[in-house]
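Novice: give me a 3D structure for the following:
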Amino acid sequence: MTKPFAIAVAPNGARRTKADHPRLPMTASEIARDAAEALEAGAAMIHLHVRDTNGAHTLDADLYREAVAAVKETVGDRLVIQITTEAVGRYTPQEQIAVIDALTPESVSIALREILPEGQDEREAAALFERIEKAGTLYQIIIYEAAELARLDQLAARGILPEGPLAVLAVAGRYTEQGATDAELNAYIAANISRHQWMMCAFGPQETQFMIRAAHAGGNARVGFENNLWLPDGSIAPSNAAIVAATAAGCAASGRPLASADDLRSGCQPDASEGLESQRRQRTDNARHVGDVVVDELADIDAVLDVDLHQEVVVAAGGVKLRRDLALEQFVGDLVGPARRNLKLHENRSHQTCSGKNCSVLSARVDVRRHPISSVRVSACSGSARPSTTLK
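Specialist: Predicted coordinates for the structure are as follows:
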């Protein structure tokens, strides 16, 4: 079956105002109006920002509730409603996390570099992704350059992000006259973005052309006044709906039918088979560091892991020394793949002899839910060249 092509409308963004376009929606009622028009033009999702009384971008939960309610009243469940956590230089990762927890939205976009700044503590973000997975929230991770795809893989391999394929929004261009460039999209494609469920966002008047390329490459589209004010012929678009309609018409030659909101909710719009195979290969590579155990198939039982780790034992891929608790997370994450996000750690402060050396005992119970093995015992200490693993 040909995979559907999804269009998300981004009607306002965080920066533009009515001075940029008189029809740019700022209030809840205006956002709802544009949502209804975009739906009729072919959109399956709305990506919305809310503004405060001064017209500035805000992550105020009450204003989000007002806007979401207005859109739902207008279109029902015929659009996926996605909020944003965009920082715009104002909000911390903790404030971004707080608005997600306050709202439990149907969908949320999260910029990788904002929620997980390089070199910062990763535990809060890891816990967030665990919560939103359990809540069934449709999250989309925003990246701004192809190099961030490799970081997504690394974070997923360590259990900070859920296992892929991930829903990814690839941004090309910024608020400049030039906007998106072919080199940016070429880099995303060369980096195998198709292994993820991906959507394209392109700044500037060539937006529709980038969406056509994305559609033919298996991606999806996010369009609208947040990133572009022009139609393909160079004229100013009269509305967000006009941009959605131009995108739908331009991408029709891809042969992909337009996706509905229910297509997005069911996750059927992208063909993820290549991404899954890529993830299996990655897990195979990771497993070489954990006793050559590869877990791909899933069954409906728990796994119990008892892990003995000295604080300085090297268990991470690449021979990186980690703190004891993080080493355990890395170790178990590599071993059991999708189970890692359900990892719960506790320390048994007694000690035991492990290969002739004393080592602290850490135990973890992992709710794997669909794991093919009933238990795993993994042992390592400072005197071990590599962990030993026993499957039952």
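
Novice: tell me the buried residues in the helix or strand hosting Leu39?
Specialist: Taking DSSP states H and E as the definition, Leu39 sits inside helix 28-41. Within helix 28-41, the residues scored as buried using 16 or more other Cβ atoms under 10 Å are 28, 30-39, 41. Heads up, the C-betas are built off the backbone N, CA and C, glycines and all.

Novice: rebuild these as a markdown table, extending it with pLDDT and distance to Asp77.
Specialist: Converted to a markdown table, these look like this (pLDDT from 0 to 100; distance: Cβ to Cβ, whole Å):
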| residue | pLDDT | distance to Asp77 |
| --- | --- | --- |
| Ala28 | 98 | 18 |
| Glu30 | 98 | 21 |
| Ile31 | 98 | 17 |
| Ala32 | 98 | 14 |
| Arg33 | 98 | 18 |
| Asp34 | 98 | 18 |
| Ala35 | 98 | 12 |
| Ala36 | 98 | 13 |
| Glu37 | 98 | 17 |
| Ala38 | 98 | 15 |
| Leu39 | 98 | 11 |
| Ala41 | 98 | 18 |
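
Novice: can you tell me which two in those residues are farthest apart?
Specialist: By the measure Cβ to Cβ, Ala28 and Ala41 form the most distant pair in the buried residues of helix 28-41, at 20.5 Å.

Novice: now do the contacts for Leu48.
Specialist: 10-12, 31, 35, 67-68, 71, 81-84 (Cβ atoms under 8 Å, 6 or more residues apart in numbering).

Novice: can you check the pLDDT for it?
Specialist: Listed pLDDT for Leu48 reads 95.

Novice: quick one: it from Arg222, how far?
Specialist: 12 Å (Cβ to Cβ, to the nearest Å).

Novice: common neighbours of these two, please.
Specialist: Between them, Leu48 and Arg222 share the contacting residues Ala10, judged by Cβ under 8 Å, 6+ apart.

Novice: so what's Pro238 up against?
Specialist: Going by Cβ under 8 Å, 6+ apart, Pro238 touches Arg23.

Novice: and stretch 144-163, which residues are buried?
Specialist: For stretch 144-163, by 16+ other Cβ under 10 Å, it's 144, 146, 148-149, 152-153, 155-163.

Novice: please report the distance of Ala33 from Asn240.
Specialist: Careful, residue 33 is Arg and not Ala. Per Cβ to Cβ, Arg33 is found 10 Å from Asn240.

Novice: shared neighbours of the two, anything?
Specialist: Common neighbours of Arg33 and Asn240, using Cβ under 8 Å, 6+ apart, are Pro25.

Novice: and Asn54, how many neighbours?
Specialist: 6 (other Cβ atoms under 10 Å).

Novice: next one: it from Gly250, what distance?
Specialist: Using Cβ to Cβ, we find Asn54 at a distance of 37 Å from Gly250.

Novice: I'd like the average pLDDT over stretch 127-134.
Specialist: 94.

Novice: how about the CA coordinates for it, as CSV?
Specialist: Below are the C-alpha coordinates for stretch 127-134, written out as CSV (Å, rounded to 0.1, in the frame of the first residue of the first chain):
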residue,chain,number,x,y,z
ALA,A,127,12.1,10.6,32.4
LEU,A,128,10.0,12.9,30.3
PHE,A,129,10.1,10.7,27.2
GLU,A,130,9.2,7.7,29.4
ARG,A,131,6.2,9.6,30.7
ILE,A,132,4.9,10.8,27.3
GLU,A,133,5.4,7.3,25.9
LYS,A,134,3.2,5.9,28.6
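
Novice: can you list the buried residues in it?
Specialist: Counting neighbours by 16+ other Cβ under 10 Å, one finds that the buried residues in stretch 127-134 are 128-130, 132.

Novice: and of the residues you listed, the nearest to Leu231?
Specialist: Closest to Leu231 out of the buried residues of stretch 127-134 is Ile132 (35.8 Å), distances taken as Cβ to Cβ.

Novice: which one of the buried residues of stretch 127-134 sits closest to Pro22?
Specialist: Nearest to Pro22 among those is Ile132, at 36.2 Å by Cβ to Cβ.

Novice: how about the contacts made by Ala61?
Specialist: 99, 102-103 are the contacts of Ala61 under Cβ under 8 Å, 6+ apart.

Novice: can you say which of these are buried?
Specialist: Of the contacts of Ala61, these count as buried by 16+ other Cβ under 10 Å: 99, 103.

Novice: I'd like the contacts of Ala61 as TSV, with distance to Asp263 appended.
Specialist: Output for those, formatted as TSV (distance: Cβ to Cβ, whole Å):
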residue	distance to Asp263
Val99	27
Ala102	28
Leu103	23
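
Novice: show me the contacts of Ala61 that map onto helices.
Specialist: 99, 102-103 (DSSP state H).

Novice: nearest to Phe210, of these?
Specialist: Nearest to Phe210 out of the ones in helices among the contacts of Ala61 is Val99 (Cβ to Cβ; 29.5 Å).

Novice: show me the helices in the chain, by range?
Specialist: Secondary structure of the chain (DSSP H): helices located at 28-41, 61-75, 93-103, 112-115, 123-135, 147-157, 182-190, 207-216, 240-251, 261-266, 273-287, 324-336.

Novice: contact partners of the first one?
Specialist: Spelled out, it's helix 28-41. If you take Cβ under 8 Å, 6+ apart as the criterion, helix 28-41 is touched by 9, 11-12, 23, 25, 43, 46, 48, 50, 63, 66-67, 69-71, 73-75, 78-79, 224, 239-242, 244-245, 248.

Novice: what do you get if the cut-off is 6 Å, keeping everything else the same?
Specialist: Contacts to helix 28-41, defined as Cβ atoms under 6 Å, 6 or more residues apart in numbering, come from residues 9, 11, 25, 46, 48, 66-67, 70-71, 74-75, 78-79, 240-241, 244-245.

Novice: now it against helix 240-251, angle please.
Specialist: On the basis of axes from the mean of the first three to the mean of the last three Cα atoms, to 10 degrees, helix 28-41 is oriented at 20 degrees to helix 240-251.
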